[in-house]
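Visitor: Fold the following for me, if possible:
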Amino acid sequence: MESKEFKSIETTRFGTVTYSAKDEVNFEDGLLGFPACKNYVILQHKENSPFRWLQSVDNTDLAFLVVDPSYYLLDYCPTINPIDAKKLDIVDATKSILYVIVNIPKGKPKEMTVNLLGPIIVNTETGRARQCVVEDEKYTVKHRVFQEETERVEEAVASK
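Guide: Predicted coordinates for the structure are as follows:
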């Protein structure tokens, strides 16, 4: 019998996942493109890894790799729409966590991109979460994390 404190789900990617009910986050409007999936749990990728998995509880085939953007981008400071902040009941940034969705092409980790236009904010006190849309031309949905290194390699190859 399942405890009220802990829940289990059978996922495609991770097998059986047992988690604390307090670790669930709820997206009232779902994620962009996935409006029906509202309940998620945040899982540690590997010990000492900056990555997390945003695993859907509603569709156990669905999981997104996410990261705190400050791990790679110290100057990332998106302006969050006041409506989004109000829906999350965030008035103090200390009670929230910011994540961005990561895309790593298979076998090409140096081509990793992050979505800076659709950050995810989690109110750590209430468990409410929201994917926001940032309207800032300096950010993209496919920001190359290792862009400078890739550009140096491309320049070196082009000069030969």
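Visitor: how would you label V100: helix, strand or coil?
Guide: strand (DSSP: H, G, I helix; E, B strand; the rest coil).
Visitor: so it touches L116, yeah?
Guide: Yes. The pair V100 and L116 qualifies as a contact (C-beta atoms under 8 Å) at a distance of 6.1 Å. From N, CA and C alone the C-beta is placed, and that goes for glycine too.
Visitor: which stretches of this structure have low pLDDT?
Guide: 1-4, 92-94, 148-160 (pLDDT under 70).
Visitor: And the residue nearest the centre of it?
Guide: With distances taken as C-alpha atoms, centre = their mean, V66 lies nearest the centre of the chain, 3.2 Å away.
Visitor: And the strands in this structure?
Guide: In the chain, strands defined by DSSP state E lie at 6-11, 15-20, 24-27, 39-44, 51-56, 63-67, 96-103, 113-114, 120-123, 128-131, 143-144, listed in chain order.
Visitor: so can I have TSV of those strands showing distance to E137?
Guide: Output for those, formatted as TSV (distance: least, C-beta to C-beta, whole Å):
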stretch	distance to E137
strand 6-11	37
strand 15-20	38
strand 24-27	26
strand 39-44	30
strand 51-56	27
strand 63-67	23
strand 96-103	17
strand 113-114	17
strand 120-123	21
strand 128-131	19
strand 143-144	13
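Visitor: who wins for proximity to P78 among those?
Guide: strand 96-103 (8.0 Å; C-beta to C-beta).
Visitor: buried stuff in that closest one?
Guide: 96-102 (16 or more other C-beta atoms under 10 Å).
Visitor: got the end-to-end distance for stretch 21-32?
Guide: 24 Å (C-alpha to C-alpha, to the nearest Å).
Visitor: ugh, typo on my part, it should be stretch 137-144
Guide: End to end - C-alpha to C-alpha - stretch 137-144 spans 15 Å.
Visitor: Just the buried residues of it, please?
Guide: By neighbour count on 16+ other C-beta under 10 Å, the buried set for stretch 137-144 is 139, 143.
Visitor: swap in stretch 32-42?
Guide: 32, 34, 37-42.
Visitor: separation between the residue nearest to S20 when sequence neighbours are not counted and F14?
Guide: Closest residue to S20 apart from its sequence neighbours, by C-beta to C-beta, 6 or more residues apart in numbering: F6 at 5.9 Å. F6 is 16 Å from F14, where distance means C-beta to C-beta, to the nearest Å.
Visitor: Fine by me, we can end here.
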